[in-house]
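Asker: Provided below for reference: sequence and predicted model.
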Amino acid sequence: MTGTPARGRPRSEEARRAVLAAALELCRRDGFQPLTIKGIAEAAGVGRQTVYRWWPTKETILLEALRDLTEREAPALAPDTGDPLRDLETLLVTAYTMTARLTGQAVAGLMAEAQRDPELAERLQTGLLAERRRALREVLERAVRQGELSEDAVSLDLAVDLAFGVMWYRLLSRHAPVDAGLAREMSAALRRLLAPAGESEAR
């Protein structure tokens with residue numbers, strides 16, 4: 001890019017998307033701690049001042065990148081085919097594989113930073129994490145309304161915590177993979193855990 005600030009909307013949008021993509025890819029490849037504004041700017045092919053004009057920190061870049069990715073993947077992260085049990089598996093497969101493939105390092109790094117930054121913690125909880133929880137809970141609620149599942153023994157909030165808790169534990173400990181296979185196992189486990197009375201034994 002030239003030293004003249006990009007004023008045209010298409011050009012600015014192209015640079016914005018390049019920065020967001022570069023931030024996620026560098027974080028995936030190298031981890032959160034080594035990530036720098038300088039490195040993001042170089043990978044995106046823009047000047048550092050262009051980056052700083054829109055984002056003051058790498059954390060704000062990653063938050064926007066994750067939000068944009070979630071919006072693009074919204075149909076798979078919030079499926080509604082009329083079959084809530086199939087939707088449950090689809091959502092978990094998409095969320096687990098996306099996290100393992102691209103977003104895990106970014107979210108883990110942001111979660112660590114959020115321990116000492118209340119404002120970041122609030123933005124993370126009310127944005128990305130809340131959206132994932134809401135989407136999964138809505139699928140489970142549809143299954144309960146259709147009689148496929150029940151929360152008589154276990155609350156849906158606890159079921160959501162279990163689904164994402166297992167994913168994050170594996171990502172952080174790295175003792176076992178986070179993949180589509182794990183997502184299908186978790187989907188089956190939730191179906192057994194939330195099975196209506198009298199059906200859990202049969203399953």
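Answerer: Sure thing, it's come through.
Asker: by mean pLDDT, which helix or strand of this protein comes out lowest?
Answerer: When each helix and strand of the chain is scored by mean pLDDT, DSSP states H and E, helix 74-77 comes last, with a mean of 80.
Asker: who are the packing partners of it?
Answerer: Taking 3 or more C-beta pairs under 8 Å, 6 or more residues apart in numbering; DSSP states H and E as the contact definition, the neighbouring helices and strands of helix 74-77 are helix 84-98, helix 130-145. For every residue, glycine as well, the C-beta is placed using N, CA and C.
Asker: could you say which of those is packed most deeply?
Answerer: Of all the helices and strands packed on helix 74-77, helix 84-98 carries the top mean neighbour count, a mean of 21, counting by mean count of other C-beta atoms under 10 Å.
Asker: which residues touch that helix?
Answerer: With contact meaning C-beta atoms under 8 Å, 6 or more residues apart in numbering, helix 84-98 is reached by 69, 73, 76-81, 132, 135-136, 139-140, 142-143, 146, 148-149, 163-164, 167, 178-180, 182-184, 186-187, 190-191.
Asker: mind doing that once more with 7 Å?
Answerer: Under the criterion C-beta atoms under 7 Å, 6 or more residues apart in numbering, residues 73, 76-77, 79-81, 132, 135-136, 139-140, 142-143, 146, 148, 163, 167, 178-180, 182-184, 186-187, 190-191 lie in contact with helix 84-98.
Asker: what does stretch 180-188 give?
Answerer: 88-89, 92-93, 96-97, 163, 166.
Asker: nearest to residue 115 among those residues?
Answerer: For residue 115, the nearest member of the contacts of stretch 180-188 is residue 166. The distance, counting by C-beta to C-beta, is 21.0 Å.
Asker: how deep is the closest residue in space to the closest one that isn't next to it in sequence tucked in, by neighbour count?
Answerer: Setting aside the residues directly before and after it, residue 166 is nearest to residue 186 in space (C-beta to C-beta, 6 or more residues apart in numbering), at 6.1 Å. When counting by other C-beta atoms under 10 Å, one arrives at 22 neighbours for residue 186.
Asker: let me know the helix or strand that residue 186 is in.
Answerer: Per DSSP states H and E, residue 186 falls inside helix 180-193.
Asker: I'd like the distance from that helix to the chain centre, please.
Answerer: Between the mean C-alpha location of helix 180-193 and the chain-wide mean there is a distance of 18 Å, by C-alpha atoms, centre = their mean, to the nearest Å.
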